[in-house]
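Undergrad: return atomic coordinates for the entry below.
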Amino acid sequence: MTYRSPLDDYRFIFKHLAKLDEVLALPSYQEFEPDLVDAVLDENAKFVEEVIAPTNWEADQHPPVWENGIVKAAPAFHEPYQQFVESGWQGLGHEQQWGGQGFPSLVVTAAAENLQAGNISFALCPMLTDAVIEALSLVGSDAQKKTYLPSLIQGTWSGTMNLTEPQAGSDLSLVKTRAVKQADGTYRLFGQKIYITYGEHDLAENIIHLVLARTPDAPEGVKGLSLFVVPKYLVNDDGSLGQRNDVWSASIEHKLGIHGSPTSVLLYGDGKGEVGEGAVGTLVGEEGRGLQYMFITMNAARFAVGLQGIGLSERATQKAISFARDRVQSRAVEGSPGPVAIVRHPDVKRMLMTMQALTQASRAIACAAAHARDMGHAHTDPQVRAHQSQVYDFLVPVVKGFSTECSIEVASHGIQVHGGMGFIEETGAAQYYRDARILTIYEGTTAIQANDLVGRKTLRDGAAMARDFFKQMQQTCADLSAMIAKSGTDKQSGLSLIRDRLAEAIACAEAAVSHLLANASDHVRAVYAGSVPYLMLTGYLHGGWHFARAAMACVSAQQAGDKDPILEDKLATAVFYAGSILPRVQSISQGMLADVTVTAALDRASLSA
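TA: Predicted coordinates:
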């Protein structure tokens, strides 16, 4: 089975949902003509389909190797990475000032998801480099920008994020890595970081680490953390590479999935570098503001991990559909002369439609967030910029949490569609399930995303943003009613079902939000016990809203005489989502409304082994 980039769905979304024309009309993006965007996405699709996607299985079976502190990347990655660099894909969305191409986030989202679908393990390297570029672009000094950004944006250097330590996972207040200031203004770092993706490899000429560490006189807790740039090789004044820094890979992890990516334990200040004892780094911004700065990279990486979930879901869905069309087993339930392809069996079709619907819903939400980010960055009206930035911030934990949780469900269905063959590694379906399992964990677990959505994005503003979305969704219901009344019939389109299920879901979501607000003070444990359900509720609801908008666009286009096959397929998927997936909102809401009672019971449970 060969992978095919989902350009048709992206072009539908760009036209009807997350309006690309609105973005390209902004002064910052007027140089990007629609024909240019189409050409870039076509070339990206060709590159991923022909160069990256074929490495997925090969790199899984022949992963990176570690020897004496040196990591050799998966053999399948060397040539594709060079082509990636030479084609300029790393700089697609970054500032032209430093060598990037400056495309809007909406376009970059399509290209990034496609790269993730091609091979998550490969795409992790440029994904983390993107995060480092964004942090240095926003808070780095002029010298740091000049030293690092051009090569990072070119892709000849890669980047990493160094947060986690053996005793400090999600709780970064426990970070112990030390940074000691030197007479020349640099710092020497000592400590250990774990789970550092692409912390050591031989694809790029240099690796630029962003490291959270604590100066000797810093206070305890997160307020004592500072952020440092620590390169694998020091950079000379002329931009050439200098001495080997004192940061080394102690080992790489053996993991459940993403086998193609090297995940290192990094030692800082082990005394093995050419610079002497202690890894040489420079301070980013001010001391004590490291976590604030690191959140810039984390926010970018969280959105990107959401795209990983969508890309993996797309790849798993395509593989399952291809298998189901070819695999012949049993007669049709309604009767047939002989065995039929399993895609004819109702439950198999239900699983495939679930996979497709969750994938497309997640993609629509991510594109809505990317559209908001572009508007927040480049709109000429400061009030619009401020509002759209808040929209983006609200949606980021949903993109990350919902899309990655869905990817596990999608990959699981993919194995089930394959039957026993899905449990056998050689078919490839199991790899997607293994790879998906990390996505809900790294760059902030689903619970961390959910706590952010509840605390910072819902309770903090009294649910103003959530309720603003509800109003927009209710307007969509009214638009659906008007379209149904105008057409005079609804037997073929299913618009009435979509409208009714969306209206029910909105009401259930409103009840859930009211519950959060009412119990935030007196029953805080109950509120946060329901945080992940609330995140999933939000994702299902927003997915249903976008499918409702898509359904109206499909019906309007068909009534105008458009015969594009994607319209009928999208409409069918929208009806399926409304009937089979959107009701999950109601069940989640009911569970949340019982949280106070349920949490009291949970607190009494001993959970003894």
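
Undergrad: tell me the mean pLDDT over the helix or strand hosting residue 283?
TA: Residue 283 belongs to strand 279-284 when assigned by DSSP states H and E. For strand 279-284, mean pLDDT is 98.

Undergrad: buried ones in the helix or strand that it is followed by?
TA: Remark: after strand 279-284, the chain's next helix or strand is helix 290-326, criterion DSSP H and E. Within helix 290-326, the residues scored as buried using 16 or more other Cβ atoms under 10 Å are 290-291, 293-294, 296-321, 323-324. C-beta: built from backbone N, CA, C; applies to glycine.

Undergrad: contacts for the strand holding residue 283 next, please.
TA: Residues outside strand 279-284 that contact it (Cβ atoms under 8 Å, 6 or more residues apart in numbering): 135-136, 139-141, 143-144, 179, 185-190, 210-211, 213, 226-230, 234, 245-247, 268-269, 273, 290, 293.

Undergrad: please save the CA atoms from the least confident helix or strand in the chain by mean pLDDT in CSV.
TA: Lowest on mean pLDDT, DSSP states H and E among the helices and strands of the chain sits helix 595-604, with a mean of 85. Written as CSV, here are the backbone C-alpha positions of helix 595-604 (Å, rounded to 0.1, in the frame of the first residue of the first chain):
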residue,chain,number,x,y,z
ASP,A,595,-18.1,14.2,39.0
VAL,A,596,-18.7,15.5,42.5
THR,A,597,-20.3,12.3,43.6
VAL,A,598,-17.9,10.1,41.7
THR,A,599,-14.8,11.9,42.9
ALA,A,600,-15.9,11.5,46.5
ALA,A,601,-16.1,7.8,45.9
LEU,A,602,-12.7,7.8,44.2
ASP,A,603,-11.2,9.5,47.1
ARG,A,604,-12.5,6.8,49.4
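
Undergrad: in that helix, what's buried?
TA: 595-596, 599.

Undergrad: same for that helix, what does it pack against?
TA: helix 495-519, helix 524-529 (3 or more Cβ pairs under 8 Å, 6 or more residues apart in numbering; DSSP states H and E).

Undergrad: by mean pLDDT, show me the worst of those.
TA: helix 524-529 has the lowest average pLDDT among the helices and strands packed on helix 595-604, namely a mean of 94.

Undergrad: state the next helix or strand along the chain beyond that helix.
TA: Counting by DSSP H and E, the element after helix 524-529 in chain order, helix or strand, is helix 531-559.

Undergrad: that following helix to helix 595-604, inter-axis angle?
TA: 140 degrees (axes from the mean of the first three to the mean of the last three Cα atoms, to 10 degrees).

Undergrad: what's around residue 210, how many residues?
TA: 26 (other Cβ atoms under 10 Å).

Undergrad: how far out from the middle of the chain is the helix or strand hosting it?
TA: Using DSSP H and E, residue 210 maps to strand 206-214. Remark: strand 206-214 is offset 22 Å from the chain centroid, using Cα atoms, centre = their mean, to the nearest Å.

Undergrad: tell me which residues of that strand come out buried.
TA: Buried-residue list, strand 206-214, by 16+ other Cβ under 10 Å: 206-214.

Undergrad: just the helices in the stretch 101-250 of the chain please.
TA: Using DSSP state H, counting those that start in this stretch, the helices found in the stretch 101-250 of the chain span residues 105-118, 120-139, 142-154.

Undergrad: ranking those helices by burial, who's on top?
TA: helix 105-118 (a mean of 27; mean count of other Cβ atoms under 10 Å).

Undergrad: about what we covered before: got TSV for the buried residues of strand 206-214, with distance to residue 607 too?
TA: Below are the buried residues of strand 206-214 laid out as TSV (distance: Cβ to Cβ, whole Å):
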residue	distance to residue 607
206	48
207	42
208	43
209	39
210	38
211	37
212	32
213	36
214	34
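
Undergrad: residue 575: which of those residues is nearest?
TA: Of all the buried residues of strand 206-214, residue 575 sits closest to residue 210, with 46.1 Å by Cβ to Cβ.
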